[in-house]
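Undergrad: Below are the sequence and a predicted model for it; my questions follow.
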Amino acid sequence: MGDDLLALLKQADPDVSRILASERDRQETTLELIASENHVSNAVMHAAGSWMTNKYAEGYPGKRYYGGCEFHDQIENLARDRAKKLFGCNFANVQPHCGANANIAAFMAVLNPGDTVLSLPIKEGGHLSHGLKVNFSGTFYQIVDYVLDPKSEMLDYDQIERLALAHKPKLIICGYSAYSRVIDFARFRAIADKVGALLMADIAHIAGLCATGVHPSPFPHAHLVTTTTHKTLRGPRGGLIMTNDADIATKIDRKVFPGVQGGPLMHIIAAKALAFGEALQPSFKTYCQQVVKNAQALAADLQSRGYRLCSGGTDNHLMLLDLRPRDAELTGADAEKWLETAGIICNKNGIPNDPRSPVLTSGLRLGTPALTTRGLGEGDMKRVGEWLDRVMGSKGDAAVCAKVREEIRGFCKGYPLPH
Ligand SMILES: *Cc1c(COP(=O)(O)O)cnc(C)c1O
């Protein structure tokens, strides 16, 4: 299908088609280790590029502000029903354009400006939309930070409870961008109940794992659940909000539209419906299980090569590598740059209590969702670990990077993108 699409685009616009062809080639010939990325199926890609892009459908099914929405109602209802089935809840809003938008709407649904929110800051593995000063969340709300236990680098529930008792937040947030361990949603809910707070689980990274039971579900514990649809869930770029509380559901609908968004991206909602359908298949559970097996195999391999993993390992799809024990001089920024030259795509990431600035960092975040989609298994993780170590061990030596680049290019031929 990719070739048909490129042939059509080439006719219409050679400049655009050249860039898109280059991007397809980049994805085809490199190893994608960014923990928040994945490769969607061609069906999802097509749905996202379909006739549904032509329509205004402000409002919700049955209550639109535009005519001609019969099939937009059908597709949005299908997406909502599948989301509810997938996560086992009563309500879903599938309109948020992205995860950050889902969080804005969720905050607005249950908080007033100035209310107190207890969350993990970005430098500890949280997300910027959970309270970063320059973000909407840090601008309009009173943010109290909890931090990871400095020794175990894991969640410290006793500390979270102490902070909740001291600050009486209206909302407690769990769910992270760079945390490799299981989240105890029941414990979080017990803490929230103790202080009369609401619990929001932002499962942007682990949504696929939660949907398939590979990570415990945030339901019935969380009052609100927000997520992206494009990370482990392997759908189009987008957001999703869910709840079991009818009152919160009503507020969420009002805050998504007209609160923070105008017309929904109906082509993306069509692709969400399709992706949720894929995620309901038994094969998606097998996929998610393999994602975790691969992450654990890669983690073990890297540990055997002298790297330190924050928290000592992983229970999910990602790991946070502390580069310093392997090479005290090595920064995440250098490693990211060198690895890209060699055909390995990943991102630098601060580690808990990182002495270096966020532009340098001492860590790398690695994830296996995209590689697993391409069919790599645990046995392949040794090779991936070896390539990572050769590049970083050589300090980005040009000849080593070029050699690894060619090896990876050859290797990738055996693992085509979804088709
Ligand atoms: C990725 C992520 C988001 C935001 O997603 P966008 O679609 O980039 O806005 C929100 N929360 C967490 C925890 C994330 O990891």
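TA: Yep, it's here.

Undergrad: burial of Leu128, as a residue count?
TA: 17 (other Cβ atoms under 10 Å). Glycine gets a C-beta too; all of them are placed from N, C-alpha and C.

Undergrad: Is it in contact with Thr139, as I believe?
TA: No - using Cβ atoms under 8 Å, Leu128 makes no contact with Thr139, being 11.6 Å away.

Undergrad: Buried residues, stretch 33-51. List them.
TA: 33-41, 44-45, 47-48 (16 or more other Cβ atoms under 10 Å).

Undergrad: follow-up on the earlier one: what sits in contact with each of Leu128 and Thr139?
TA: Residues touching both Leu128 and Thr139 by Cβ atoms under 8 Å, 6 or more residues apart in numbering: none at all.

Undergrad: thinking again about what came up before, between the buried residues of stretch 33-51, which sits nearest the ligand?
TA: Of all these, the ligand sits closest to Ser36, with 5.2 Å by Cβ to the nearest ligand atom.

Undergrad: ok but that closest one is inside a strand, no?
TA: No - judged by DSSP: H, G, I helix; E, B strand; the rest coil, Ser36 forms no part of a strand; its state is coil.

Undergrad: What's the per-residue pLDDT of it here?
TA: On the pLDDT scale, Ser36 is placed at 98.

Undergrad: Could you find the closest non-adjacent residue to the closest residue to the ligand within the chain?
TA: Of all residues in the chain, Gly99 sits closest to the ligand, at 2.5 Å by Cβ to the nearest ligand atom. Spatial nearest neighbour of Gly99, chain neighbours left out: Thr228 (3.8 Å); criterion: Cβ to Cβ, 6 or more residues apart in numbering.

Undergrad: list the contacts for that neighbour?
TA: Counting by Cβ under 8 Å, 6+ apart, Thr228 touches 36, 98-99, 102, 204, 207, 237-240.

Undergrad: So which of the residues you listed belong to strands?
TA: Counting by DSSP state E, the contacts of Thr228 place 239-240 in strands.

Undergrad: quick one: which of the contacts of Thr228 is nearest Leu321?
TA: Nearest to Leu321 among the contacts of Thr228 is Ser36, at 15.8 Å by Cβ to Cβ.

Undergrad: In contact with the spatially closest residue to that closest one that is not a sequence neighbour, which residues?
TA: Nearest residue to Ser36 in three dimensions, chain neighbours excluded: Lys231, at 4.9 Å (Cβ to Cβ, 6+ apart). For Lys231, the contacting residues are 35-38, 204-205, 207-208, 369, by Cβ under 8 Å, 6+ apart.

Undergrad: Try it again at 6 Å.
TA: By Cβ atoms under 6 Å, 6 or more residues apart in numbering, Lys231 lies in contact with 36, 204-205.

Undergrad: Please identify which helix or strand holds it.
TA: Taking DSSP states H and E as the definition, Lys231 sits outside all helices and strands.

Undergrad: Could you report the pLDDT at it?
TA: In this model, Lys231 is scored at 98, pLDDT.

Undergrad: List the backbone torsions phi and psi for it.
TA: Dihedral pair for Lys231: phi -90, psi -120, per degrees, to the nearest 10.

Undergrad: got it, and Gly114?
TA: Dihedral angles (degrees, to the nearest 10) for Gly114: phi 90, psi -10.

Undergrad: now do Ile344
TA: phi -120, psi 120.

Undergrad: Could you measure from it over to Glu23?
TA: Remark: distance between Ile344 and Glu23 (Cβ to Cβ, to the nearest Å) = 17 Å.

Undergrad: and those two? which has more neighbours close in?
TA: Legend: neighbour count by other Cβ under 10 Å for Ile344 and Glu23, higher for Ile344 (24 against 10).

Undergrad: so who does that one touch?
TA: Leu31 are the contacts of Ile344 under Cβ under 6 Å, 6+ apart.

Undergrad: Validate this expectation: Asn112 resides in a strand.
TA: No - assigned with three-state DSSP, Asn112 falls outside any strand and is coil.

Undergrad: Tell me, how many residues neighbour it?
TA: By the criterion of other Cβ under 10 Å, Asn112 has 10 neighbours.

Undergrad: do you know how far it is from Asp245?
TA: 18 Å.

Undergrad: for Tyr66, same thing?
TA: 30 Å.

Undergrad: more crowded one of these two?
TA: Each of Tyr66 and Asp245 has its neighbours counted (other Cβ under 10 Å); Asp245 has more, 16 against 12.

Undergrad: nearest residue to the more buried one other than its sequence neighbours?
TA: Counting by Cβ to Cβ, 6+ apart, the residue nearest Asp245 is His223, at 5.8 Å.

Undergrad: these two touch, right, that neighbour and Gly196?
TA: No - using Cβ atoms under 6 Å, His223 is not in contact with Gly196, being 11.6 Å away.

Undergrad: For the stretch 1-150 of the chain, which segments count as strands?
TA: Under the criterion DSSP state E, counting those that start in this stretch, the stretch 1-150 of the chain contains strands at 31-32, 59-60, 63-64, 91-93, 116-119, 142-145.

Undergrad: actually the stretch 301-419 of the chain, not the one I wrote
TA: Using DSSP E, counting those that start in this stretch, strands in the stretch 301-419 of the chain cover 308-309, 318-322, 344-345, 347-349, 363-367.

Undergrad: Deepest-packed of the ones you listed, please.
TA: strand 363-367 (a mean of 28; mean count of other Cβ atoms under 10 Å).

Undergrad: That one pairs with which strands, parallel or anti?
TA: strand 318-322 (antiparallel), strand 347-349 (antiparallel) (DSSP bridges).

Undergrad: Can you lay out these as a markdown table showing distance to Lys10 and mean pLDDT?
TA: Shown next, in a markdown table, are the strands paired with strand 363-367 (distance: least, Cβ to Cβ, whole Å; pLDDT from 0 to 100):
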| stretch | distance to Lys10 | mean pLDDT |
| --- | --- | --- |
| strand 318-322 | 37 | 97 |
| strand 347-349 | 32 | 97 |
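
Undergrad: Gly2 is nearest to which of the ones you listed?
TA: Of the strands paired with strand 363-367, nearest to Gly2 by Cβ to Cβ is strand 347-349, at 25.9 Å.
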